[in-house]
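Asks: Got a sequence here, can you model it:
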Amino acid sequence: MTVDSSSPKWSLWLCALWGPALLLVFTLSAHAADRKVKQQFSPQYPALARQFNASGIVKLSVDVTPGGEVKGVKVLGGNPLLVQSAQEAVRKWKYEPSKESTTEVVEFKFVPNQ
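Replies: So this is what the prediction gives:
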């Protein structure tokens with residue numbers, strides 16, 4: 001994954017197609033910080049969400065330590081059926097080291113395929 005780190009704001013759109021059940025798109029947004037993600041995991045589409053054909057955006061605030069570990073995750077908004085899966089995935093992420101702790105904003109967009 002390559003990100004232009006010369007700008008204080010960046011967005012990266014990634015798409016993953018998981019069978020006929022889900023089109024998942026997520027955006028990584030760093031506003032004040034400019035941390036690159038070294039290792040990321042995609043959230044699983046929850047069975048209950050699939051049963052109800054649920055879709056939506058989950059927006060998370062992610063506190064990252066200077067060493068690149070995720071220290072905390074706060075929900076900024078999103079479909080309650082999808083929030084836990086997004087939180088579990090982002091807790092596994094690893095960021096590039098930095099001189100100080102940062103807060104990143106991550107959005108996951110869940111869209112069931114038709």
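
Asks: Does Tyr45 touch Phe110 like I think?
Replies: Yes: if you go by Cβ atoms under 8 Å, Tyr45 and Phe110 touch, sitting 6.4 Å apart. The way it works is simple: take the backbone N, C-alpha and C, and place the C-beta from them, glycine included.

Asks: Which one's more surrounded, these two?
Replies: Phe110 (25 against 22; other Cβ atoms under 10 Å).

Asks: and the more buried one, what is it in contact with?
Replies: Listed by Cβ atoms under 8 Å, 6 or more residues apart in numbering, the contact partners of Phe110 are 22, 24, 43, 45, 49, 54-58, 79, 82.

Asks: quick one: which of those residues is nearest to Thr102?
Replies: Val58 (20.0 Å; Cβ to Cβ).

Asks: and that closest one, helix, strand or coil?
Replies: strand (DSSP: H, G, I helix; E, B strand; the rest coil).

Asks: Could you count how many residues lie near it?
Replies: 26.

Asks: thought it was touching Leu81?
Replies: No: shown here, Val58 and Leu81 do not form a contact pair, counting by Cβ under 8 Å, at 9.7 Å.

Asks: residues of the longest helix along the chain that come out buried?
Replies: Assignment by DSSP state H gives helix 80-91 as the longest helix of the chain. The neighbour-count check on helix 80-91 (16 or more other Cβ atoms under 10 Å) flags 81-83, 85-87, 89-90 as buried.

Asks: And the average pLDDT for that helix is what?
Replies: Per-residue pLDDT values over helix 80-91 give a mean of 96.

Asks: Please export the C-alpha coordinates of that helix as CSV.
Replies: Below are the C-alpha coordinates for helix 80-91, written out as CSV (Å, rounded to 0.1, in the frame of the first residue of the first chain):
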residue,chain,number,x,y,z
PRO,A,80,-25.2,-1.0,15.4
LEU,A,81,-25.2,-4.4,13.6
LEU,A,82,-21.9,-3.5,11.9
VAL,A,83,-20.0,-1.6,14.6
GLN,A,84,-18.5,-4.5,16.5
SER,A,85,-17.0,-6.1,13.4
ALA,A,86,-15.4,-2.8,12.4
GLN,A,87,-14.0,-2.3,15.9
GLU,A,88,-12.5,-5.9,16.1
ALA,A,89,-10.8,-5.4,12.7
VAL,A,90,-9.2,-2.1,13.4
ARG,A,91,-7.9,-3.2,16.8
